[in-house]
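**Student:** Okay, here's the prediction I keep looking at, along with the sequence it came from:
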Amino acid sequence: MKNNAALMRRAGIWMVLLAVPFIGGLIVTYEIINIDWLSMMEVQPYFRPMEAPLPPPDRSIPVEGAAYVGGIGSPENPIAADDISLERGRILYDTHCRVCHGDIGLGDGTMVIYMKTVPPENLISDTVTAFSDGDIFLTITNGVMPYMPPLRENLDVRGRWDVVNYVRALQGK
């Protein structure tokens, strides 16, 4: 019995002595031989952060409704420029547009000092005034890469139209 216990103890010591270098080797080689574990999230297509998403297919209808259907031209403004729309547009403009385009749309916002090569557009200029409401909506929606980011994820469809109405109010239209 005593021999059996000593034999078991000796076998345990040998197992620990062999296991320590084995586990240490696994830890060291894990950084060298990194095995990618398969998960369903990695198999599907995805976008990296700040990567431009694919454009929607032509004539597809967004979840929010048919604000704009690709391939048809610029959309018509469905939102009347009433006091509520102009107030909402002012709030959204102050939040998302003012830092670049300035208080009254002259392109003199606080971020201008960082935009040396391409300054923000003057929203009161004849060029922008000549745009249709739909063209301004599409510019807000899709941005002007790489200078103006698309705001389709920041503003819902109604919010974008409210900003269009507010820009038109700044222009005096």
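**Tutor:** Received, thanks.

**Student:** where along the protein do the strands fall?
**Tutor:** Counting by DSSP state E, the chain forms no strands at all.

**Student:** So it: which segments form each domain?
**Tutor:** 2-35, 83-171 (automatic domain parsing).

**Student:** which of the ones you listed is buried the deepest?
**Tutor:** Of those, the one with the most neighbours on average (mean count of other Cβ atoms under 10 Å) is domain 83-171, at a mean of 17. (C-beta placed from N, C-alpha, C; glycine too.)

**Student:** JSON lines please, covering the domains of the chain and showing mean pLDDT.
**Tutor:** Shown next, in JSON lines, are the domains of the chain (pLDDT from 0 to 100):
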{"stretch": "domain 2-35", "mean pLDDT": "79"}
{"stretch": "domain 83-171", "mean pLDDT": "91"}
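
**Student:** could you dump those to a markdown table with distance to residue 77?
**Tutor:** Converted to a markdown table, the domains of the chain look like this (distance: least, Cβ to Cβ, whole Å):
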| stretch | distance to residue 77 |
| --- | --- |
| domain 2-35 | 54 |
| domain 83-171 | 4 |
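
**Student:** Figure out which of the ones you listed is closest to residue 75.
**Tutor:** domain 83-171 (4.4 Å; Cβ to Cβ).

**Student:** Can you report how many residues lie near residue 74?
**Tutor:** Number of residues near residue 74 (other Cβ atoms under 10 Å) recorded here: 15.

**Student:** roughly how far out does stretch 76-83 sit from the chain middle?
**Tutor:** Centroid separation for stretch 76-83 versus its chain: 27 Å, with Cα atoms, centre = their mean, to the nearest Å.

**Student:** I should have written stretch 7-22 there, sorry.
**Tutor:** Counting by Cα atoms, centre = their mean, stretch 7-22 comes out at 55 Å from the chain centroid.

**Student:** what do you get for stretch 80-99?
**Tutor:** 21 Å.

**Student:** can I get the CA coordinates of it in CSV?
**Tutor:** C-alpha atoms of stretch 80-99 as CSV (Å, rounded to 0.1, in the frame of the first residue of the first chain):
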residue,chain,number,x,y,z
ALA,A,80,-43.8,71.9,-46.7
ALA,A,81,-41.5,74.7,-45.3
ASP,A,82,-43.7,75.5,-42.4
ASP,A,83,-42.6,76.8,-39.0
ILE,A,84,-42.2,73.3,-37.6
SER,A,85,-40.1,72.1,-40.4
LEU,A,86,-37.9,75.2,-40.3
GLU,A,87,-37.4,74.9,-36.6
ARG,A,88,-36.5,71.2,-36.8
GLY,A,89,-34.2,72.0,-39.8
ARG,A,90,-32.5,74.8,-37.8
ILE,A,91,-31.8,72.4,-34.8
LEU,A,92,-30.5,69.7,-37.1
TYR,A,93,-28.4,72.2,-39.1
ASP,A,94,-26.9,73.5,-35.9
THR,A,95,-26.1,69.9,-34.8
HIS,A,96,-24.7,68.5,-38.1
CYS,A,97,-23.9,71.3,-40.5
ARG,A,98,-23.0,74.4,-38.6
VAL,A,99,-19.4,73.4,-37.7
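
**Student:** Good, we can wrap up now.
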